[in-house]
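>>> Here's a sequence, model it:
(chains A and B)
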Amino acid sequence: MIDNMKKLIIIPAYNESANIKDTVENIIKTVPDFDYVVINDQSKDNTLEILQKNHFNYVSLPVNLGIGGAVQTGYKYALENGYDAAVQVDADGQHDVSYLNDLVKKMENEQADMVIGSRFITNEGFQSTFMRRVGINYFTRMIKHLTGHTITDPTSGFRLADKKVIQLFAKSYPRDYPEPESIVFLLLKNLKVVEVPVKMKERQGGVSSIRMWSSAYYMIKVSLAILIESIRK
Amino acid sequence: MQLRIILIIMLIITTVVMIGQIKKRNLELQYTLSWLLLLFIILLVAIFPGILNWISGLFGIELPINMIFFLGFVFTLLIVYRLTEAASKMSREITELTQKIALLDKKNKNKDDGVE
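Okay, the predicted model is just below:
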């Protein structure tokens, strides 16, 4: 069953010239049973050039959409091309693709709709900064309160979606900081969201999409988004 | 009286310019309607200042000038709200289109390369 599942890796890339080549080559080498697609979100550096020169499989957005719009393009691609499962892997190399089979196995065994790779089950690998952990913990509690489910790593982008979730996300996906909000969306639709332990690495280069100065905006925006999601139905 | 005449002239010029812009399709009538309505109301007030006293009395506002500020504020908020609504709708539509174009572009490239 696992073997004939059509699986896609979605790699959103914005100004990732420092990492994209290593990331894609590593994916091709490590998990050959997965297809991949890079979504180039109008990078201002030479990310697109690198994608072309290496003949990588990519979709290039004509206008910068931000992380949510880029990842959603990946889900639309997955839907159009008939994939059974799609997983988001960040271009910066922080997601270790050798865990992908764990995610797939978990999905199979538990008949889950989404499997999240979580840093905070075994607490191994790069654990993010203290302040971020406080923020993540706050979202975990908020989601628990609203849905009754415990998601230890609600901000993890390293997540595998089944066909049902691909369809839902292709239709609607938050524009920025999409992870916690979309988990609530799925949980309230009574879909099964589970987690597996993974180790993440520190970013290999480039800049994280969440910088210090925008963290207040991040906390407020995501909190509101979760609350609104929970009354949307 | 002089002020009223200047005001009326300015209002007429603004209305003519605005309609000219709509004619040239620089402005979309859908989003300009609230502006035209505002101009029309100010014009009415400029021609018949008595209206202002009457409305002020209705709202229990003593100074008619405060009524002007109040109405101006309410109208500006309405127009800004309409714009926020329009911007939200457009950004959703642009996202949708951008994704569609990118995916079509990809399909075309695949065809050119002979991959299906």
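>>> From here on, just use CA atoms for contacts and neighbour counts.
Noted.
>>> So which residues make contact with whatever helix or strand A:Val196 lives in?
Assigned by DSSP states H and E, A:Val196 belongs to strand A:193-197. Contacts to strand A:193-197, defined as CA atoms under 8 Å, 6 or more residues apart in numbering or on different chains, come from residues A:102-103, A:106, A:112-122, A:151-152, A:183, A:186-187.
>>> what's the residue closest to the geometric middle of chain A?
A:Gly157 (2.8 Å; CA atoms, centre = their mean).
>>> That one contacts A:Asp90, correct?
Yes: using CA atoms under 8 Å, A:Gly157 makes contact with A:Asp90 at a distance of 7.4 Å.
>>> residues from chain A in reach of chain B?
With CA under 8 Å from any CA of the partner chain as the criterion, chain A meets chain B at residues A:Tyr58, A:Val59, A:Ser60, A:Leu61, A:Pro62, A:Val63, A:Leu65, A:Gly69, A:Thr73, A:Tyr77.
>>> Could you verify my assumption that the first one touches A:Leu51?
Okay, so that is A:Tyr58. Yes: with contact defined as CA under 8 Å, A:Tyr58 counts as touching A:Leu51 (7.0 Å).
>>> Contact partners for the nearest residue to A:Asn15 once chain neighbours are set aside?
Closest residue to A:Asn15 apart from its sequence neighbours, by CA to CA, 6 or more residues apart in numbering or on different chains: A:Ser43 at 4.7 Å. Residues near A:Ser43 by CA under 8 Å, 6+ apart: A:Ala13, A:Tyr14, A:Asn15, A:Glu16, A:Asn64.
>>> Which pLDDT does the model give the closest residue to the first one other than its chain neighbours?
The spatially closest residue to A:Ala13, leaving aside those adjacent along the chain, is A:Asn40, at 5.0 Å (CA to CA, 6+ apart). Per-residue confidence at A:Asn40 stands at 96 (pLDDT).
>>> Would you list the phi and psi of A:Asn40?
phi -80, psi 110 (degrees, to the nearest 10).
>>> And the furthest pair within the contacts of A:Ser43?
Farthest-apart pair in these is A:Glu16 and A:Asn64; separation 14.0 Å (CA to CA).
>>> what about these two, which has more around it?
A:Glu16 (24 against 17; other CA atoms under 10 Å in any protein chain shown).
>>> could you measure the more buried one against chain B, distance?
Counting by CA to the nearest CA, to the nearest Å, the separation of A:Glu16 from chain B is 19 Å.
>>> Identify the residues contacting that residue.
Here A:Glu16 is in contact with A:Ser43, A:Asp45, A:Thr47, A:Ala91, A:Asp92, A:Gly206 (CA under 8 Å, 6+ apart).
>>> picking up where we left off before, could the contacts of A:Ser43 be laid out in a markdown table, adding distance to A:Ile231?
Converted to a markdown table, those look like this (distance: CA to CA, whole Å):
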| residue | distance to A:Ile231 |
| --- | --- |
| A:Ala13 | 32 |
| A:Tyr14 | 33 |
| A:Asn15 | 36 |
| A:Glu16 | 37 |
| A:Asn64 | 30 |
